[in-house]
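Novice: Please find the sequence and the predicted model below.
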Amino acid sequence: MRYLSVCEPYAELKKCVGRAIARAVASLKVSIDPEVVAGMLQEPPKPEFGDLALPLPRVSKELVENCGDIASLVGEAGSECVEKVQCVSSYLNVWARSSYIVEKLATALSKLGREYGITKKEKPARVVVEFVSANPVHPLHIGSGRNAVLGDFIARVHELSGDLVERRYYVNDLGLQVANLVYGYIKLGRPRRPEFLKDDHFLGLLYAATSTIVDIAKLKKKLETASEAESGEIRREIDALLGELFRIRSKLPDLVDSLLKSVDPSRDAEREVRNLTQLLELGDKSVVDAHREVVNRVLAGIRETLEKLGVFFDKWDYESDLVRSGLVGEVLSKARSSEYYMLHKNAPALDLAKLAESPELRELLGVPEHLEIPPLILARSDGTTLYTTRDIAYTIKKFSEFSADRVYNVVAIEQTLPQAQLRLALHALGYVREATSLVHYAYEMVNVKGLSMSGRRARYVTVDEVLDELAARVRELAVKRGVNLAEDVVLKIARSAFKYAMLSVSPRKTLVFDPEQAVEVKSGTSTYLQYTLARANGIMSRYGREVEFSELDSEGLVGKRRELALLIARFPEVFRKVVAELAPEDLISYLNRLAEVFNSWYDADPILAEPREELRNLKLALVYGAKVVIENSFKLLGLDIVERI
RNA sequence: GGGCCCGUGGCCCAGCCAGGAUAGGGUGCCGGCCUUCUAAGCCGGUGGUCCCGGGUUCAAAUCCCGGCGGGCCCGCCA
């Protein structure tokens, strides 16, 4: 990938040091590539070991015994960037010239200003990010919250890199889940919500109650034909579901009571729901109306939550529209004439196993090496299509409508198989470019301490309640500190804390969400970073002028100031890595270190009160650098900047 | 049964892919610091068999092999 305006002070320093060492080693008649040396330079664990260190055995074993000689050779040769070199237990410890660091950093900061560290691509790409796409049957829970935050992050990464990004939400309104909700919704005559509940929360309860009653009906039917041995187990399951229903009832008694009056659990409720899925897919007027209404009511609630989070979408795509547009039908007929077409237990399917035999293709499509690929069933025997089939059509649509070079599906890691099948199916049907440019950005699930989550049973922690609780804590803390915070600032602090919790853990790891802990507002969170930024901004606005980069006292670059300068100098590289690897947690670790060094320095060293002008300029340059670094990181992570905290 | 992921102080997490110095943070607990740029902060202390066992290496939390523990996937669900 090529980038514009490369201006990376730390990388330049490493290259320069690499050259200096390579020159010295050359006089020992050993030839090494300066670039390689630069790549091997690492950050010493302690300041006593200098600014950069080279483990000599990594370069060459023979050099280890010459460690002391090399150190003095580098020192004698002199270099614009090397101040001093020492040999400590086979490490070459390098102290950089302060003037070099200051000059490189000042150049970068004054040249790029607020753009410092952001590397734009030479050729912008067109990127679609599909994320959240939670089924419109209940409010967003924190699992979808993780999706929302990560998807937003990916979109931001590309936006900041100069790409054109389209954010899409796939409204999966054709699954069995929605049919269950529609069933209950119609049975109750399109009920209104009580005053104290948001629509998505209210309808989420309706959905859970309906699902549970339908499931009970299913089990009761099974009981009729069950053997003596089976019936005991089934009865226990029914009892468990009755318990769930009772719990749901406790939240909204009237709702469940009237639902029980209109849905007879002993009748074949399941078949009625199945009928609904068919009518929906066919576009039956009588149900489509109620269906779209209830879906939009839930969606309005979800949207409100996303807005509170500061997460926005360009397009909302209804799955039902996709089917009715005929796109899914086209995919089906294309599949029928494909060489991979097969019947699997009498259902139309694609035999992708053959295709997946090629290791090269797996590599190309990012299909895990040992993942077994079963046939992809395209439709039920009643003719209704299945999710992945519709997703094939949707993927084609996402690519074509935006002329996308790449499409991200931000989807839970548990869907690795269907996502792999999706890419293989696209390839099988001749959509080779689409198949290779579709990225499954996978993230692990969110578990809540002491709760097994289930949408079907209304057992979840919602994003709304977490945000509300966080906001309450922020207010409480503000009162304690005697600070008057505007409501929008409260929300910004609260939602940033939520995002931070979602972003600071690697997406590949299961996130154990402890509601008690997440709502704490304390150090080691976004609040700490926001606070640090507010301090830096406070100084800058109090100073009220542009920093004078041409007159900096580089002799003053010692202690925490030096540490901070080197961290700021590293930002462009950190940024590039985070963008390339889509790893928000790396950026967060870096920010925490930067904030720690900044605060520790801030506490001990007066900045504006510094009497010597050139030293004051140096300090201000550091404050400015830290400010720009944190602000640009916030842009990438979607955290909010607050003026006062 | 097969496959993938995870295991790091009491709790949470970074480091592992590209092996390097005494394993970093946070939280918790104990103590100290506000007449000076925001104390949601700073400083000090406390706390670790990097799941276990082998192997490779001058060097292993990191790579390889074998276990153990936890999660996920293998549906005419999504």
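Specialist: The structure has been received and is ready for your questions. Numbers count the residues shown, from 1 in each chain, chains lettered A, B, ... in the order given.
Novice: would you list every one of the strands in chain A?
Specialist: A:52-55, A:82-88, A:91-96, A:126-130, A:164-171, A:315-318, A:341-344, A:347-350, A:376-377, A:406-412, A:438-443, A:446-448, A:511-513 (DSSP state E).
Novice: So which elements touch the third one?
Specialist: The criterion is 3 or more C-beta pairs under 8 Å, 6 or more residues apart in numbering; DSSP states H and E, and the helices and strands that strand A:91-96 contacts are helix A:9-26, strand A:52-55, helix A:67-77, strand A:82-88. Bear in mind the C-beta positions are built from the backbone N, C-alpha and C, glycine included.
Novice: just to revisit the earlier point, nearest to RNA strand B among the strands of chain A would be which one?
Specialist: strand A:52-55 (2.7 Å; C-beta to the nearest atom of the strand).
Novice: buried set for stretch A:325-340?
Specialist: Residues of stretch A:325-340 classed as buried by neighbour count (16 or more other C-beta atoms under 10 Å): A:327-328, A:331-332, A:334-335, A:340.
Novice: ditto for stretch A:404-423
Specialist: Neighbour-count burial for stretch A:404-423 [16+ other C-beta under 10 Å]: A:404-412, A:415, A:417-423.
Novice: What about RNA strand B: which of those residues touch it?
Specialist: A:415, A:417-418 (C-beta under 7 Å from any atom of the strand).
Novice: Run a quick neighbour tally on the residue in chain A that RNA strand B sits nearest to.
Specialist: Chain A approaches RNA strand B most closely through A:Gly524 (2.2 Å), counting by C-beta to the nearest atom of the strand. Residues near A:Gly524, counting by other C-beta atoms under 10 Å, number 13.
Novice: quick one, what contacts the most centrally placed residue in chain A?
Specialist: Closest to where the C-alpha atoms of chain A average out (C-alpha atoms, centre = their mean) is A:Leu150, at 1.6 Å. By C-beta atoms under 8 Å, 6 or more residues apart in numbering, A:Leu150 lies in contact with A:131, A:410, A:441, A:443, A:502-503, A:507, A:584.
Novice: Now for chain A, the helix or strand with the poorest mean pLDDT.
Specialist: Ranking every helix and strand in chain A by mean pLDDT, DSSP states H and E puts helix A:515-518 at the bottom, with a mean of 74.
Novice: per-domain residue ranges of chain A.
Specialist: Using automatic domain parsing, the domains assigned to chain A come out as A:9-96, A:126-175+A:314-448, A:464-637.
Novice: Any chance of TSV for those, columns distance to A:Ile238?
Specialist: Shown next, in TSV, are those (distance: least, C-beta to C-beta, whole Å):
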stretch	distance to A:Ile238
domain A:9-96	61
domain A:126-175+A:314-448	23
domain A:464-637	30
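Novice: For A:Lys221, find the nearest of those domains.
Specialist: domain A:126-175+A:314-448 (18.1 Å; C-beta to C-beta).
Novice: ends of that closest one, how far apart?
Specialist: Domain A:126-175+A:314-448 has an end-to-end distance of 37 Å (C-alpha to C-alpha, to the nearest Å).
Novice: Same check on stretch A:371-387?
Specialist: 20 Å.
Novice: where does it sit relative to the chain's centre, distance-wise?
Specialist: Centre-to-centre, stretch A:371-387 and its host chain are 29 Å apart (C-alpha atoms, centre = their mean, to the nearest Å).
Novice: Done for today, thanks.
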